[in-house]
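Colleague: Sequence first, then the predicted structure:
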Amino acid sequence: MRNIFDHYSQAENQLTHSLFTALDNDRKLLASFVKDICGSNHSKPDKLHMSVQRYPFSNHYDETGVEDRNIPDAWIFDDDGFAIVFEAKITATLTQTQLAGHQRVAAKQGFDDVHFFTIVADRDTKIFDGWTELQWSSIYLWLRGKAEASKWAAHAAEYFEILEARMLEQGKLGNAEITAFDGFSPHPEGFSYLVAKSELRKAMRELRKDNNLVDMLGMDPSNEGRGAITGKSEQRVWDFLAVDSGFEASNFTSFLHLTLGLHFDSVEAMVTVPNSLATKPKNALKALGLEGFRTTCSAILENLKPLIDDEPNAIPTMRSVQRRYPSQRSVPFLDAELEFDLRTAFNTDHPVKYQPQWFDALYDVFANKRSNYQFQIGVVFPHGSCVSMRSSESLKLLARSWIACEPLISAARYAKRASA
């Protein structure tokens, strides 16, 4: 079924239409937008009018006609000379010529108290005299904040998400940001690859800005992770943050890395020890021996206690897998998988029963592997019980999960320290 906001062919016009349709149908929302977003204390918000893709009180034009006549994308105005004028872009470029033309158009319409705003999706845009810049992502967060009280705000925010996911899937989004990260979806109606892919992109964008990950783990914010987020046929998507290895690494699979996985039933932050781990870190981990490895992972579990106090339903987890790949881009065969609660490896006072053989088996296969084998350690946050994942605060929990695993990352760098 066609969305109610799919009224135009150009993405920026669709997005503008969704926002101003919502404002037009909810006048309290309009008054709040004028005050909160535009910074205007208009004394009579109930007297405001709107027009989209046309001059005030004039005929509607198609998209070609709007461009030919240099008509601003949207207006909010009253009968007494007050107007707010908007020019909106997503991936297209603003020009001084176009904006100056809009200022002349507003003057010809008889408005003498005019405020001009651009709405953009690129944070590196140019500043233009007489125009104030707004971000689509900031408007999205504002709509999300109003969604509980306004169904129209909820409809518009949802359309922002739909359009961004659509453009991302079509390869048309580039570095543009229509929405902002505000939590992970629990997928109540079934796993959506497009939603998960969009959320993953936004989350990774924010996590690369986390200075704690840079300072405490050596995360490389300049590494952009996976070149393409594939996995339409699976119930998960994932990406990684690269970590400085302390030696010349050919790619991220040469050293441990921070993996964020969005699954149909959970979100997980794992430190991955890859199959193609380079010789130096591999030997450093083998040199620990089973007991040294146990001590290292015990320190990680101790580090995770404050996080689990804050989110009791989080599960400290270890996982190992053996795979075969028929071809480079094909879905692999899963020959073996072992996953267990990390607390099973240690005799704690937690209800999880002590069963250290799972832990022993994971390390034994690593130390003597004959196959494509990797293991992970970190935290799994089930959607059903970890409501903390449904807000932007979830990113702090993910970062804390990785930081708690610092003892393993440091152990893999042992060779560098020993030779320093």
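Modeller: That came through, no problem.
Colleague: what are the bridge partners for H257, then?
Modeller: For H257, the beta-bridge partners are T272 (DSSP bridges).
Colleague: for M318, same thing?
Modeller: Assigned bridge partners for M318, using DSSP bridges, are F340, I377.
Colleague: Distance of it relative to A100?
Modeller: 61 Å (C-beta to C-beta, to the nearest Å). (Each C-beta comes from the backbone N, C-alpha and C, glycine too.)
Colleague: just L395 next, same as before
Modeller: 41 Å.
Colleague: S392 reaches F181, doesn't it?
Modeller: Yes. Applying C-beta atoms under 8 Å, one finds S392 in contact with F181, separated by 5.7 Å.
Colleague: pLDDT score assigned to D122?
Modeller: On pLDDT, D122 comes in at 83.
Colleague: ok, back up a step: show me which of S392 and F181 is the more surrounded one.
Modeller: F181 (22 against 14; other C-beta atoms under 10 Å).
Colleague: tell me the SS of that one?
Modeller: coil (DSSP: H, G, I helix; E, B strand; the rest coil).
Colleague: hang on, it packs against K202?
Modeller: Yes. Taking contacts as C-beta under 8 Å, F181 lies within contact range of K202: 3.9 Å.
Colleague: the strands in the stretch 251-400 of the chain, which residues?
Modeller: All strands of the stretch 251-400 of the chain, identified by DSSP state E, counting those that start in this stretch, fall at 257-263, 266-273, 315-324, 333-341, 372-382.
Colleague: right, so these: which one is the most enclosed?
Modeller: Counting by mean count of other C-beta atoms under 10 Å, strand 266-273 has the highest mean neighbour count of the strands of the stretch 251-400 of the chain, with a mean of 24.
Colleague: Show me what that strand is packed against.
Modeller: strand 257-263, strand 315-324, strand 372-382, helix 394-404, helix 406-412 (3 or more C-beta pairs under 8 Å, 6 or more residues apart in numbering; DSSP states H and E).
Colleague: Could you name every residue contacting both of S392 and F181?
Modeller: Common neighbours of S392 and F181, counting by C-beta atoms under 8 Å, 6 or more residues apart in numbering, are E206.
Colleague: which residues of the chain score low on pLDDT?
Modeller: Within the chain, the stretches with pLDDT under 70 are 1-9, 43, 59-69, 124-125, 231, 249-250, 328-330, 414-420.
Colleague: per the record, what domains does it have?
Modeller: The record's domain parsing of the chain by automatic domain parsing lists 11-169, 193-419.
Colleague: what's the closest of those domains to P186?
Modeller: Nearest to P186 among the domains of the chain is domain 193-419 (3.9 Å), distances taken as C-beta to C-beta.
Colleague: re earlier: with distance to F111 as added columns, please give the helices and strands packed on strand 266-273 in a markdown table.
Modeller: A markdown table is the format used below for those (distance: least, C-beta to C-beta, whole Å):
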| stretch | distance to F111 |
| --- | --- |
| strand 257-263 | 47 |
| strand 315-324 | 59 |
| strand 372-382 | 52 |
| helix 394-404 | 43 |
| helix 406-412 | 59 |
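Colleague: Can you check which of those gets nearest to N212?
Modeller: helix 394-404 (6.0 Å).
Colleague: Return that closest one as PDB; C-alpha atoms alone will do.
Modeller: Provided in PDB are the C-alpha atoms of helix 394-404 (Å, rounded to 0.1, in the frame of the first residue of the first chain):
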ATOM      1  CA  SER A 394      21.700   1.900  24.700                       C
ATOM      2  CA  LEU A 395      25.000   3.100  23.000                       C
ATOM      3  CA  LYS A 396      26.500   3.700  26.400                       C
ATOM      4  CA  LEU A 397      25.800   0.100  27.500                       C
ATOM      5  CA  LEU A 398      27.300  -1.200  24.200                       C
ATOM      6  CA  ALA A 399      30.500   0.900  24.700                       C
ATOM      7  CA  ARG A 400      30.700  -0.300  28.300                       C
ATOM      8  CA  SER A 401      30.400  -3.900  27.200                       C
ATOM      9  CA  TRP A 402      33.400  -3.600  24.900                       C
ATOM     10  CA  ILE A 403      35.500  -1.600  27.400                       C
ATOM     11  CA  ALA A 404      34.900  -4.400  30.000                       C
END
